[in-house]
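Novice: got a predicted structure plus its sequence, pasted below:
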Amino acid sequence: MLLIGILYSPQRVKGQWKYLKNHPDVHQTFVPIIADVRKGTVQIEADGQQVALGAMVDPAGLVVSKSSELKGDIRCRVFDGKLYPAKVLVRDAKHDVALLHLESTDNRRFIPVRWRNDTDPTVGSWLVTPGISSNPLSIGIVSVNSRTIPHERGFLGVQLTQVAQGPRIEVVFAGSAADVAGLKRNDIVIGLNGDPVHSRREFINQLAKMMPAQEIQLRILRGNREEEATARLGRMEQVDALETRFGVMNSMGGELSLRRADFPKAFAHDSILQPKQCGGPIVDMDGNVAGINIARAGRTCSYALPAGVIHALIDQWKGKPEHQVFFQLPADTQSPVNQSP
């Protein structure tokens, strides 16, 4: 087999695995495996820039993708190059997954991806990430079996003191979520996501439950005037020197996903992806979708939600009357799981 010849040839000892694995000749070996799935892969653009990939889950033009990247004017480009406006129907913050519907399609029937229907891929399994072109974007191997990815708190980027009206901002860190949102020294936080805030401790405890990339709505008292502000939480390493050194090392080779933790179940693989290449399918050697790439978490670590997790979310969404109208078939007659032997 060509693949084995390339991976175990004498040239391998002269180079590093990461280069051999991404050699164009190796990628060509995987082209037939993704030939069908790429037709159900979409490239998602926001305000004219690619932000994610997505997987088609229904012929009516329903797509799942990474929710936290979907902001602004959303459009989806399919494998034949056509671009369609898309509307986000529902978001699941727990898994960072969104369901989109392609609009103005003239009743075109799309090609859903074919899902893996057995257990999650295990350590050592080969996986391929397709885009909308014929060549793979990346290949890799499962490095850690499915598990819970622990919670990581989102970071606003302020230092607070307590005054009579509530927590007052003493310092706004440059480049932080607070800075981008326009918060200023001496602003007093009096509300978070529609609920009143009375104390510094209360505000810190509420923020600790939230994640990077999560948007929050703040109500602040600036002088004698109340104002609203929207902030998209960042990460702690923006200001912590030790975390910054770790972050620089971990991100060598490219940008990492802002939301890259706090998933109930995900497996890790060593495919090298860009954040804008997350949200789409990852394929096993039988050409079935084993899951959805959900984050680039490190230099050689990406996370994927297993197919079973996506199936459960789709079934949940299909069961709601407000969503059933978008699906091609009724909820009890269509399954996203590949039923072929």
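Specialist: Yep, it's here.
Novice: the residue nearest to residue 75 when sequence neighbours are not counted: how many residues sit nearby?
Specialist: Leaving aside its chain neighbours, residue 75 sits nearest to residue 45 (4.8 Å; criterion: CB to CB, 6 or more residues apart in numbering). Just so you know, the C-beta spots here come from the backbone N, C-alpha and C atoms, and that holds for glycine as well. A total of 19 residues lie near residue 45 under the criterion other CB atoms under 10 Å.
Novice: helix, strand or coil for residue 45?
Specialist: strand (DSSP: H, G, I helix; E, B strand; the rest coil).
Novice: and residue 308, helix, strand or coil?
Specialist: helix.
Novice: pretty sure it is touching residue 120, no?
Specialist: Yes: if you go by CB atoms under 8 Å, residue 308 and residue 120 touch, sitting 7.1 Å apart.
Novice: just to revisit the earlier point, what's across from the residue nearest to residue 75 in the sheet?
Specialist: Judged by DSSP bridges, the bridge partners of residue 45 are residue 50, residue 75.
Novice: got a list of what it touches?
Specialist: With contacts defined as CB atoms under 8 Å, 6 or more residues apart in numbering, residue 45 is in contact with 51, 74, 75, 76, 77, 83.
Novice: same thing with residue 62?
Specialist: Applying CB under 8 Å, 6+ apart, we find residue 62 in contact with 56, 89, 99, 100, 101, 102, 326, 327.
Novice: tabulate those residues (CSV), appending distance to residue 211, pLDDT and neighbour count.
Specialist: Formatted as CSV, the contacts of residue 62 follow (distance: CB to CB, whole Å; pLDDT from 0 to 100; neighbours: other CB atoms under 10 Å):
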residue, distance to residue 211, pLDDT, neighbour count
56, 27, 98, 27
89, 22, 94, 16
99, 19, 96, 25
100, 21, 96, 27
101, 25, 96, 22
102, 28, 97, 25
326, 28, 82, 18
327, 29, 82, 19
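Novice: how is this protein carved up into domains?
Specialist: 32-149+258-324, 158-234 (automatic domain parsing).
Novice: any idea how far residue 316 is from residue 309?
Specialist: 11 Å (CB to CB, to the nearest Å).
Novice: more neighbours: the two, which one.
Specialist: residue 309 (22 against 14).
Novice: in what helix or strand does the nearest residue to that one once chain neighbours are set aside lie?
Specialist: In this structure, residue 309 finds its nearest non-sequential neighbour in residue 265, 5.7 Å apart by CB to CB, 6+ apart. If you go by DSSP states H and E, residue 265 is part of strand 263-269.
Novice: with residue 202 instead?
Specialist: Going by DSSP H and E, residue 202 is part of helix 200-208.
Novice: same for that helix, what does it pack against?
Specialist: strand 158-163, strand 166-172, strand 188-192 (3 or more CB pairs under 8 Å, 6 or more residues apart in numbering; DSSP states H and E).
Novice: and these: which comes nearest residue 301?
Specialist: Distance to residue 301, taken as CB to CB, is lowest for strand 158-163 among the helices and strands packed on helix 200-208, at 30.2 Å.
Novice: alpha carbons of stretch 96-113, as CSV, please.
Specialist: As requested, the backbone C-alpha atoms of stretch 96-113 are provided in CSV (Å, rounded to 0.1, in the frame of the first residue of the first chain):
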residue,chain,number,x,y,z
ASP,A,96,-20.3,24.7,21.7
VAL,A,97,-22.4,23.4,18.8
ALA,A,98,-24.9,25.3,16.7
LEU,A,99,-27.6,24.2,14.2
LEU,A,100,-27.8,26.3,11.0
HIS,A,101,-30.3,26.4,8.1
LEU,A,102,-29.2,27.4,4.6
GLU,A,103,-31.5,30.0,3.1
SER,A,104,-32.5,30.9,-0.5
THR,A,105,-31.5,27.4,-1.8
ASP,A,106,-34.4,27.0,-4.3
ASN,A,107,-35.4,23.7,-2.6
ARG,A,108,-32.0,22.2,-3.4
ARG,A,109,-31.5,18.8,-1.8
PHE,A,110,-28.1,18.6,-0.1
ILE,A,111,-25.9,15.6,0.7
PRO,A,112,-25.7,14.8,4.4
VAL,A,113,-22.6,13.2,5.8
